[in-house]
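1. sequence and predicted structure, then a few things I'm wondering about:
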Amino acid sequence: MVPVRVTALTEPAADRLTSVAGVFDQYRRHYGQPVVAGQTLAWLTEQTSHRRLAIFVAHVGEDLAGLATTVVVPASLRLGWSWQLRDLYVVPGARRRGVARALVGAVRQAATAAGAIRLSVQTESGNTAALQLYQATGFVPVRDTEILALPLQRGGA
């Protein structure tokens, strides 16, 4: 079995983001979002250049097998910060090969090294595979907490 190699795109170059954008488009299609040529690359470039989003990529051999994105969130009461795992996607041909677990492990290691007090993730309650992965990698459900959203634009949440 070919090992999974995960790297963080700390200074994403346009050529690296182009391949990431292709996989990110697959992820968006998976969740029913429309894909417009060039839109994802422009968005990823904007987010990473302003350091609002960090990207971790997984390769199996030379093939881009998956990605994860993270954001840093201020932890006001603790005067620190936490990390949130925002997106996790493995291309269909690379599933069941440890790619998702490797991405979560790399994100956890980077968050710990950065001094984050917590790493959180949210997913739909019906996403059984994701919930099993997250719980198997040490995440625990947060009880007695409600997540509320105020849509500011049509279709936003």
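-> Nice, thanks for sending it over. Numbers count the residues shown, from 1 in each chain.
2. mind showing which ranges of this structure have poor pLDDT?
-> Residue ranges of the chain with pLDDT under 70: 1, 12, 155-157.
3. and the helices in it?
-> 14-30, 39-49, 99-113, 128-136 (DSSP state H).
4. mind naming the longest strand for the chain?
-> If you go by DSSP state E, the chain has its longest strand at strand 63-75.
5. CA atoms of that strand as PDB?
-> Output in PDB follows, covering the C-alpha atoms of strand 63-75 (Å, rounded to 0.1, in the frame of the first residue of the first chain):
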ATOM      1  CA  ASP A  63      -1.900  11.900  -6.900                       C
ATOM      2  CA  LEU A  64      -3.800  14.500  -4.900                       C
ATOM      3  CA  ALA A  65      -6.000  12.300  -2.800                       C
ATOM      4  CA  GLY A  66      -7.800  14.700  -0.500                       C
ATOM      5  CA  LEU A  67      -7.800  18.000   1.300                       C
ATOM      6  CA  ALA A  68      -8.700  19.600   4.600                       C
ATOM      7  CA  THR A  69      -9.200  23.300   5.400                       C
ATOM      8  CA  THR A  70      -8.900  25.000   8.800                       C
ATOM      9  CA  VAL A  71      -9.600  28.300  10.400                       C
ATOM     10  CA  VAL A  72      -8.300  29.900  13.600                       C
ATOM     11  CA  VAL A  73     -11.000  31.100  16.000                       C
ATOM     12  CA  PRO A  74     -10.300  33.400  18.900                       C
ATOM     13  CA  ALA A  75     -11.100  31.800  22.300                       C
END
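6. with that, I have no additional questions.
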